[in-house]
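[1] quick one, structure for this:
(chains A and B)
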Protein chains: 2
Amino acid sequence: MHPVIVIHGGAGAMTRSAMSAEKEREYHAALRLVLQAGLAVLEAGGSAVDAVTAAVVELEDCPLFNAGRGAVFTSDATHELDAAIMDGASLRTGAIANVHHIRNPILAARSVMQNSRHVFFVGEGAERFARTQGLEMVEESYFSTPERHAQLLRVQRDTPDAAVLDHDGQAIVESQPAAPAHPLDIDKKFGTVGAVALDAHGNLAAATSTGGITNKQVGRVGDAPIIGAGTYASNETCAVSATGTGEMYIRKVAAYDIAARMRYTGATLEQAAHAVMFEELPSIGGKGGLIAVDAQGNITLPFNTEGMYRGYARVGSDPVTEIYR
Amino acid sequence: MHPVIVIHGGAGAMTRSAMSAEKEREYHAALRLVLQAGLAVLEAGGSAVDAVTAAVVELEDCPLFNAGRGAVFTSDATHELDAAIMDGASLRTGAIANVHHIRNPILAARSVMQNSRHVFFVGEGAERFARTQGLEMVEESYFSTPERHAQLLRVQRDTPDAAVLDHDGQAIVESQPAAPAHPLDIDKKFGTVGAVALDAHGNLAAATSTGGITNKQVGRVGDAPIIGAGTYASNETCAVSATGTGEMYIRKVAAYDIAARMRYTGATLEQAAHAVMFEELPSIGGKGGLIAVDAQGNITLPFNTEGMYRGYARVGSDPVTEIYR
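    Numbering: from 1, shown residues only, chains lettered A, B, ... in the order given. Below is the predicted model of the structure:
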């Protein structure tokens, strides 16, 4: 076995020219810390589930990424957080959506996986469950940062109708898949975070967490907490975590489609992931990226945007972090 | 094209001995009315999307079935409704979960599909969206029936801990897949409703709606509104609506797995649906049923419980309704 952890911090229109060298260094340093958290688990012989949990907790705690602290604002200037985790060894999974007070949504998803007979909780019920599990609850303001609030005001100023008037968005995207001015692109990046890992025992796991889309309508849930769309893991095939226009990942059942192609057509991880990322998703206007690992430790990090915060680390090797193509 | 509509009103432990002849006639008559509503659309040359919508509205309005009026109660004696719809021609979809005041959840899901750039809304945000769409809102008591309330009290009396103490339910089910006393079986049937259809234009559609599980924890969401788990449609393969232990349908990405098997292995609708229903789902303790139709008008209605309220109708033929094996 070749234990490995792969992470992403969101895909989108990040261009070298638009980012200062200092900001760039900041992101690389943050991604490196995240990888080291996951790698430490794998080096100690820990499980893939523990490794992706550790990595996503770091991503949630870092205000640079859109999950946990630093989550984007909804159109009501609130935060709504979603997360999911899946254990490839047992196909057990836990997911939560639309929570406002759970400091680390991925820990709540993990508690659902381990301590509930259900797999998906939303809203108040999810928060009630988290409290019974003794998870740390915070005021909603904990998630807010000045940068994200400025981003909300900018989006609301530039495209005030984006959240309410785009009455036929799914059709618009279908007929204009390359339209750069689509409201979903306003934010310019899709700030979901995630991790996938293979551990020394040959087990795979995937975890995803997000604050959604800036200025999104209240109550909207994307692909992150949807098993098979934004998150999936099975030892038989692969572990996947996605970031992008979540609606299209849901409609294409993107994460599971990668596993299905491997299982049923004998495609390699890279072939399957590339078919979904560069054929299936673009066919309905889907934009973003994903990370995936298979049971042999092969990894792939495809995206069809200008950049994706990403990285990977193998036990015994230095972590690698990247932003652009 | 051979237009056809297929419906289900939930699967479970319905046995001939436990049901009066009168109750049985009542169910057959109700299923027949539901089929006629969908068939009228298909006979008039209407779309599969319109046909499944019409059928599911009837199922929601009928107190015999666990969706809309007649929905089961949560552990808080409230109602939480989920629904989803998918158009196989465009892969457009809409879903809502955890709503309390929308008279016909399937109409809200359909509004999401047609009038939103998002595909999934939960809780308050879903209700707010429904209001902007002019959908009929009702007091939560509209959904309540004396029979369902008696059912809640019975479950809470017989297994008071079911909702809170089964701390490792996913594992329990894995190790004891045949355990008849599992809390998820208390209700004895899984009252999701759904419809799939093929129209004269060769288009497929699927719709699913549910009130969840009696005495379920607040905030729990099952497979019904999860695209790929309880609901899926693509003209390329099939349309599917499921009913059962939703957690296992989510973990197995059950509905999309049927489509994937057809697409990638060349399996027939029946082969693919049976593999999922009788191999994949039982391998993790999944119980229930599903209905499916392909683009040639082939249909299948497999279940691994004692019965499933179900039926189908082809243009030009009498509707067929069944309950037991």
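
[2] could I get the full set of helices for chain A?
    A:21-43, A:48-61, A:105-115, A:123-132, A:146-158, A:169-175, A:246-251, A:254-265, A:269-275 (DSSP state H).

[3] so how far is residue A:132 from the residue in the stretch 51-200 of chain A positioned nearest to chain B?
    Closest residue of the stretch 51-200 of chain A to chain B, CB to the nearest CB: residue A:125 (1.4 Å). Where C-beta positions appear, they are placed from N, C-alpha and C, glycine not excepted. Computed as CB to CB, to the nearest Å, the residue A:125 to residue A:132 distance reads 11 Å.

[4] between those two, who's got more neighbours?
    The neighbour count for residue A:125 versus residue A:132, taken as other CB atoms under 10 Å in any protein chain shown, is higher for residue A:125 (25 against 12).

[5] quick one, phi psi at the spatially closest residue to that one that is not a sequence neighbour?
    Among residues not flanking residue A:125 along the chain, residue B:219 sits closest, at 1.4 Å (CB to CB, 6 or more residues apart in numbering or on different chains). Per-residue torsions, residue B:219: phi 90, psi -10 (degrees, to the nearest 10).

[6] in terms of contact, does residue B:219 touch residue A:128 like I think?
    Yes: with contact defined as CB atoms under 8 Å, residue B:219 and residue A:128 form a contacting pair (6.8 Å).

[7] compare these two (neighbour count), which wins?
    Between residue B:219 and residue A:128, counted using other CB under 10 Å, residue B:219 has the larger neighbour count: 27 against 15.

[8] for chain B, what's its nearest residue on the stretch 201-325 of chain A.
    Closest point on the stretch 201-325 of chain A to chain B, by CB to the nearest CB, is residue A:219, at 1.4 Å.

[9] need the pLDDT of that residue.
    pLDDT, residue A:219: 96.

[10] with residue A:20 instead?
    For residue A:20, pLDDT reads 88.

[11] and it, its phi and psi?
    Dihedral angles (degrees, to the nearest 10) for residue A:20: phi -70, psi 150.

[12] helices and strands of chain A: which one bottoms out on pLDDT?
    Across the helices and strands of chain A, mean pLDDT, DSSP states H and E gives its lowest value to helix A:169-175, namely a mean of 37.

[13] what pairs with the residue nearest to residue A:269 when sequence neighbours are not counted across the strands?
    For residue A:269, ignoring the flanking residues on the chain, the nearest one in space by CB to CB, 6+ apart is residue A:294 at 4.2 Å. Under DSSP bridges, the beta-bridge partners of residue A:294 are residue A:238.

[14] got a list of what residue A:294 touches?
    Contact partners of residue A:294, counting by CB atoms under 8 Å, 6 or more residues apart in numbering or on different chains, are A:198, A:204, A:237, A:238, A:262, A:268, A:269.

[15] I figured the fourth one was touching residue A:261, is that so?
    Right, the one you point to is residue A:238. No: at 9.7 Å, residue A:238 and residue A:261 do not qualify as touching, with contact defined as CB under 8 Å.

[16] common neighbours of these two, please.
    Common neighbours of residue A:238 and residue A:261 (CB under 8 Å, 6+ apart) are residue A:272.

[17] between those two, which one's more packed in?
    The neighbour comparison of residue A:238 against residue A:261 (other CB under 10 Å) goes to residue A:238, with 32 against 24.

[18] now the more buried one: how far from residue A:308?
    Between residue A:238 and residue A:308 the computed distance is 18 Å (CB to CB).

[19] now do residue A:128
    When residue A:128 is compared with residue A:308 (using CB to CB), they lie 35 Å apart.

[20] run through who's touching stretch A:142-150.
    Counting by CB under 8 Å, 6+ apart, A:63, A:66, A:68-73, A:77, A:79, A:81, A:103, A:211, A:214 sit against stretch A:142-150.

[21] and if we set it to 6 Å?
    A:63, A:69, A:70, A:71, A:72, A:73, A:79 (CB atoms under 6 Å, 6 or more residues apart in numbering or on different chains).

[22] highest neighbour count among the residues you listed?
    That'd be residue A:71 among the contacts of stretch A:142-150, by other CB under 10 Å, with 30 neighbours.

[23] just give me the neighbour total for the residue nearest to it when sequence neighbours are not counted.
    Spatial nearest neighbour of residue A:71, excluding adjacent residues (CB to CB, 6+ apart): residue A:211 at 2.7 Å. Residue A:211 has 28 neighbours, counted by other CB under 10 Å.

[24] these two touch, right, residue A:211 and residue A:66?
    Yes: applying CB atoms under 6 Å, one finds residue A:211 in contact with residue A:66, separated by 4.6 Å.

[25] joint contacts of the two?
    residue A:72.

[26] mean pLDDT lowest where, among the helices of chain A?
    Among the helices of chain A, helix A:169-175 scores lowest, with a mean of 37.

[27] what's the distance between residue A:205 and residue A:262?
    17 Å.

[28] kindly report the same for residue A:145.
    Noted for residue A:145: a distance of 39 Å to residue A:262, by CB to CB.

[29] between these two, point out the one with more neighbours.
    residue A:262 (23 against 15).

[30] which non-adjacent residue is nearest the more buried one?
    In this structure, residue A:262 finds its nearest non-sequential neighbour in residue A:237, 4.4 Å apart by CB to CB, 6+ apart.

[31] am I right that that neighbour is in contact with residue A:264?
    No: with contact defined as CB under 6 Å, residue A:237 does not reach residue A:264; the gap is 9.7 Å.

[32] more neighbours: which of the two?
    Between residue A:237 and residue A:264, counted using other CB under 10 Å, residue A:237 has the larger neighbour count: 24 against 19.

[33] report pLDDT for that one.
    For residue A:237, pLDDT reads 98.

[34] now residue A:241. Nearest residue, chain neighbours left out?
    Closest to residue A:241 by CB to CB, 6+ apart is residue A:194, at 2.9 Å.

[35] tell me the bridge partners for that neighbour.
    Assigned bridge partners for residue A:194, using DSSP bridges, are residue A:8, residue A:208.

[36] now do the contacts for residue A:32.
    Contacts of residue A:32 (CB under 6 Å, 6+ apart): A:319, A:321.

[37] partner residues bridging residue A:310?
    residue A:8, residue A:322.

[38] residue contacts, it?
    By CB under 6 Å, 6+ apart, the residues touching residue A:310 are A:8, A:301, A:322.

[39] how many neighbours does the last one have?
    Spelled out, that is residue A:322. What residue A:322 shows, counting by other CB under 10 Å, is a neighbour count of 15.

[40] same deal with residue A:286?
    When neighbours are counted by other CB under 10 Å, residue A:286 comes out with 25.

[41] was I right about it contacting residue A:243?
    No: if you go by CB under 6 Å, residue A:286 and residue A:243 don't touch, sitting 11.3 Å apart.

[42] ok, the closest residue to residue A:9 other than its chain neighbours - contacts?
    Closest residue in space to residue A:9, ignoring its immediate chain neighbours: residue A:309 at 3.3 Å, by CB to CB, 6+ apart. Residue A:309 makes contacts with A:9, A:10, A:27, A:323, as judged by CB under 6 Å, 6+ apart.

[43] what subset of those residues is buried?
    A:9, A:10, A:27, A:323 (16 or more other CB atoms under 10 Å in any protein chain shown).

[44] nice, that's everything, thank you.
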